[in-house]
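Undergrad: Prediction below, plus the sequence it came from.
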Amino acid sequence: MKYPVLDGHCDTAVELWRKGESLAKNSGQISLAQAAEFPAYVQFFAFCTVWIENAQTDEERFASAMAYFSEQLRKHSIPLCRTSADVSAILQNGGVGAALSIEGAEAFGCDPGRLEELATQGVRMIAPVWNAENALAGSCMTGGGLTAQGREFVRRAQRAGILVDVSHSSERAFWDICELAEKPIVASHSNAKAVCGHVRNLTDEQFRAICDLGGTAGLNLYAPFLNASGEASMDDVRRHLEHFLERDGDGHLALGGDLDGCDVLPDGMHGLRDYALLETNFEKWGFGEQIVRNLFYQSLEKVVKLCIM
């Protein structure tokens with residue numbers, strides 16, 4: 001790999017907590033051993049505990065997973081990126097860094113009043129919903145827009161320097177968020193619905209709105225989001241990227257691989273180190289160097305600089 005990587009979404013933090021494994025080396029798709037092969041690597045680690053069934057509440061699960069992952073960062077001397085300057089320093093100077101995100105506001109009781117507290121803890125991106133509706137918004141699986149509480153969430157999150165992530169939001173909630181947004185928004189891990197009609201993907205109109213707000217959409221490597229057959233190849237990755245690029249998407253496309261949240265990747269990919277295949281193919285497909293740099297890190301870095309203190 002010759003390019004730094006800034007990836008907007010993975011589920012590694014929760015998987016490490018669930019399995020009691022180490023960030024250094026584990027059975028999943030992201031590890032420090034693989035990250036060491038990159039010139040620089042910053043990852044948004046998402047906490048999504050809504051789907052886990054145990055005796056804890058959502059808030060207790062989030063607190064437990066956060067404590068476990070924080071200890072992993074401390075143990076392996078991985079800095080937590082709290083500011084845009086922290087992110088840029090690693091991308092420019094090399095090394096590995098972690099940024100924190102939440103997927104599903106049940107993790108903090110759907111309480112907008114806790115956003116400043118979460119920002120203090122280092123959370124820098126939040127998707128208000130996962131696959132079920134909650135007190136803030138409807139999801140892509142349920143429909144429904146933002147509630148009054150959800151509208152307060154959007155306003156307070158952007159004021160607190162927290163990126164609002166529209167992946168998993170319903171179309172109605174998406175447009176509600178766009179109407180309120182005063183800063184760029186992101187779809188951290190969503191592809192093109194025109195190429196693969198999965199409900200989790202973005203319509204061309206949604207992608208255009210994200211671009212107009214100065215935000216990004218992150219390439220999701222989960223095969224069923226790339227190809228309706230449930231199996232995908234690098235050609236499917238190319239089709240999604242070219243579709244967005246043909247719609248003036250350069251500078252608004254990023255990576256959001258969804259690693260450790262997906263069990264089926266494109267042919268030939270097994271984990272983080274296989275981002276080298278993306279690099280090879282981006283160049284083979286004739287993407288210019290600036291487009292490749294934008295995809296790997298610069299597009300999302302630009303949004304981070306605009307939205308995170």
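TA: Perfect, I can see it now.

Undergrad: only C-alpha atoms for contact and neighbour calcs from this point on.
TA: Noted.

Undergrad: and the gap between residue 129 and residue 235?
TA: Residue 129 sits 31 Å away from residue 235, going by C-alpha to C-alpha, to the nearest Å.

Undergrad: Could you check which of those two has the larger neighbour count?
TA: residue 129 (29 against 14; other C-alpha atoms under 10 Å).

Undergrad: Report all helices and strands that the helix or strand containing residue 90 contacts.
TA: Residue 90 belongs to helix 84-93 when assigned by DSSP states H and E. Judged by 3 or more C-alpha pairs under 8 Å, 6 or more residues apart in numbering; DSSP states H and E, helix 84-93 is in contact with strand 40-47, strand 95-103, helix 299-307.

Undergrad: Identify whichever of these lies nearest to residue 84.
TA: helix 299-307 (5.2 Å; C-alpha to C-alpha).

Undergrad: who are the neighbours of the closest one, in terms of helices and strands?
TA: Helix 299-307 makes packing contacts with strand 5-10, helix 84-93, strand 216-219, strand 253-255 when contacts are defined by 3+ C-alpha pairs under 8 Å, 6+ apart.

Undergrad: hmm, try it at 7 Å
TA: The helices and strands touching helix 299-307, judged by 3 or more C-alpha pairs under 7 Å, 6 or more residues apart in numbering; DSSP states H and E, are strand 253-255.

Undergrad: Past the strand it packs on, which element shows up next along the chain?
TA: helix 275-284.

Undergrad: then that next one to CSV, C-alphas only?
TA: Only the C-alpha atoms of helix 275-284 are listed here, as CSV (Å, rounded to 0.1, in the frame of the first residue of the first chain):
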residue,chain,number,x,y,z
TYR,A,275,-7.4,-3.0,0.7
ALA,A,276,-4.2,-3.4,-1.3
LEU,A,277,-6.4,-5.1,-3.9
LEU,A,278,-8.6,-2.0,-4.0
GLU,A,279,-5.5,0.1,-4.6
THR,A,280,-4.3,-2.1,-7.4
ASN,A,281,-7.7,-2.2,-9.1
PHE,A,282,-8.3,1.5,-8.7
GLU,A,283,-5.2,2.1,-10.7
LYS,A,284,-6.0,-0.6,-13.2
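
Undergrad: Okay, buried residues for it please.
TA: Going by neighbour count (16 or more other C-alpha atoms under 10 Å), the buried part of helix 275-284 is 275-276, 278-279, 281-282.

Undergrad: Stretch 172-188 now?
TA: 172-178, 181, 183-188.

Undergrad: ok, now stretch 36-47?
TA: Neighbour-count burial for stretch 36-47, counted by 16+ other C-alpha under 10 Å, picks out 38-47.

Undergrad: Name the nearest of these relative to residue 95.
TA: Nearest to residue 95 among these, with distances taken as C-alpha to C-alpha, is residue 40, at 4.9 Å.

Undergrad: Mind listing the residues bridging to that closest one?
TA: Beta-bridge partners recorded for residue 40 (DSSP bridges): residue 95.

Undergrad: element containing the residue of the chain positioned farthest from its centre?
TA: No residue in the chain sits farther from the centre than residue 55, which is 27.7 Å out by C-alpha atoms, centre = their mean. Using DSSP H and E, residue 55 sits within no helix or strand.

Undergrad: Do you know the pLDDT at it?
TA: What the model reports for residue 55 is a pLDDT of 88.
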